[in-house]
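In: Sequence and predicted structure below; questions after.
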Amino acid sequence: MSYFKYQEESGHSETIPNVQTMVEAREVAKEWLKDGDWGVERKTLYAEATVFEIEEDEDGEETTLDQANVHGRIDPDEPDCREDEHDWQSPHELLGGMEENPGVWGHGGGVTITEVCAHCGMYRVTDTWDQSQGPEPVETIEYRDADDTSLAWSAERAILKAPSLDSLVEALSERFDSTSERFQERGLVDLPNYGGDEPEDTQGIWSWDETRLLIGEGGPDEWEVVTREDWVNGEI
């Protein structure tokens, strides 16, 4: 009788059940390869296994009739983000490169493509000519932790693109400390507004919507939201 065996480079092996041909056995092996626990955390891994067709005689002696290698690309799961999912962006001011193709750099016979998450500042790097896993170049994806520069960029973006006055206040409260020194010195004068007439005197007013004003002196942690009516009536 003959049977098929799956074996990884580590030496782990097991019999492949319910298959009759090498073609069927290789398909099962590919799925097992992808589903294996390879400890992939931050970077793509290319794994390999071998499928053996083995014949066993009446005395229990085994003979290899055929064998074939199978390969699998195992990409890492996306790490957690501060929001429900990452929002990958390619800002030229952060990533460099050509303005029409930011974050893309030549590498060997391919390119590296760097993106950054607008929510948390994490980097995602796609390398189309990665030779870290052998002499033959392969494509890999790697996730890299946010640094001070990307954290500042994502924090400033969250503040400047806040969709409402309440969202702006929340973003300032949670993320202002992560912004750059340049932004803390000059960026606050460019905070968005959300409808309604501009107050006649904007001294001490940082943003507004149709019914409310964001006012205060000092830093954002000292500001407060008040109604336009209370402001006009001097009830602040």
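Out: Noted; the coordinates are in hand. Numbers count the residues shown, from 1 in each chain.
In: Can you classify residue 231 by secondary structure?
Out: Recorded secondary structure, residue 231: helix (DSSP: H, G, I helix; E, B strand; the rest coil).
In: which residue packs closest to it, ignoring adjacent ones?
Out: residue 213 (5.4 Å; CB to CB, 6 or more residues apart in numbering). C-beta: built from backbone N, CA, C; applies to glycine.
In: Identify the residues contacting the one you found.
Out: Residue 213 sits next to 199, 205, 207, 225-228, 231 when contact means CB atoms under 8 Å, 6 or more residues apart in numbering.
In: One more: residue 25?
Out: By CB under 8 Å, 6+ apart, the neighbours of residue 25 are 4, 6, 16, 19, 51, 53.
In: Sort out which one of the residues you listed lies nearest residue 82 for me.
Out: residue 6 (40.3 Å; CB to CB).
In: distance of that closest one from residue 26?
Out: Residue 6 sits at a distance of 10 Å from residue 26 (criterion: CB to CB, to the nearest Å).
In: Give me the buried stretch members for stretch 163-170, please.
Out: 165, 168-169 (16 or more other CB atoms under 10 Å).
In: which residues are in contact with both of residue 6 and residue 26?
Out: Joint contacts of residue 6 and residue 26 (CB under 8 Å, 6+ apart) are residue 51.
In: where do the strands sit along the protein?
Out: 2-8, 13-16, 45-56, 62-74, 88-89, 97-98, 101-102, 104-107, 110-117, 123-130, 138-144, 205-208, 212-215, 224-227 (DSSP state E).
In: list the buried ones in stretch 64-84?
Out: 70, 72, 74, 76.
In: Surely the third one and residue 48 touch.
Out: It refers to residue 74. No: if you go by CB atoms under 8 Å, residue 74 and residue 48 don't touch, sitting 11.1 Å apart.
In: tell me how far stretch 71-80 is from the chain's mean position?
Out: 12 Å (CA atoms, centre = their mean, to the nearest Å).
In: cool, and stretch 177-197?
Out: Relative to the centre of its chain, stretch 177-197 is centred 26 Å away, using CA atoms, centre = their mean.
In: Okay, buried residues for that stretch please.
Out: Under the neighbour-count criterion of 16+ other CB under 10 Å, stretch 177-197 has 178-180, 183, 188, 191, 193-194 buried.
In: Show the end-to-end separation of that stretch, please.
Out: 30 Å (CA to CA, to the nearest Å).
In: Give me the contacts around it.
Out: 151-152, 154-156, 159-162, 164-165, 168, 176, 206-211, 214, 220, 228.
In: In helices only, show me the residues you listed.
Out: Counting by DSSP state H, the part of these found in helices is 151-152, 154-156, 159-160, 165, 168, 228.
In: Look up phi and psi at the residue lying closest to residue 210 once chain neighbours are set aside.
Out: Among residues not flanking residue 210 along the chain, residue 196 sits closest, at 3.7 Å (CB to CB, 6+ apart). Torsion angles at residue 196 (phi, psi; degrees, to the nearest 10) stand at phi 80, psi 160.
In: And residue 196, how far from residue 155?
Out: 26 Å.
In: List only buried entries from the ones in helices among the contacts of stretch 177-197.
Out: Neighbour-count burial (16+ other CB under 10 Å) applied to these gives 151-152, 154-156, 159, 165, 168, 228.
In: out of those, who's nearest residue 117?
Out: Checking those one by one against residue 117 (CB to CB), the nearest turns out to be residue 154, at 6.9 Å.
In: Quickly list what residue 144 is bridged to.
Out: Judged by DSSP bridges, the bridge partners of residue 144 are residue 123.
In: Could you report the separation of residue 130 from residue 121?
Out: Distance, residue 130 to residue 121, using CB to CB: 23 Å.
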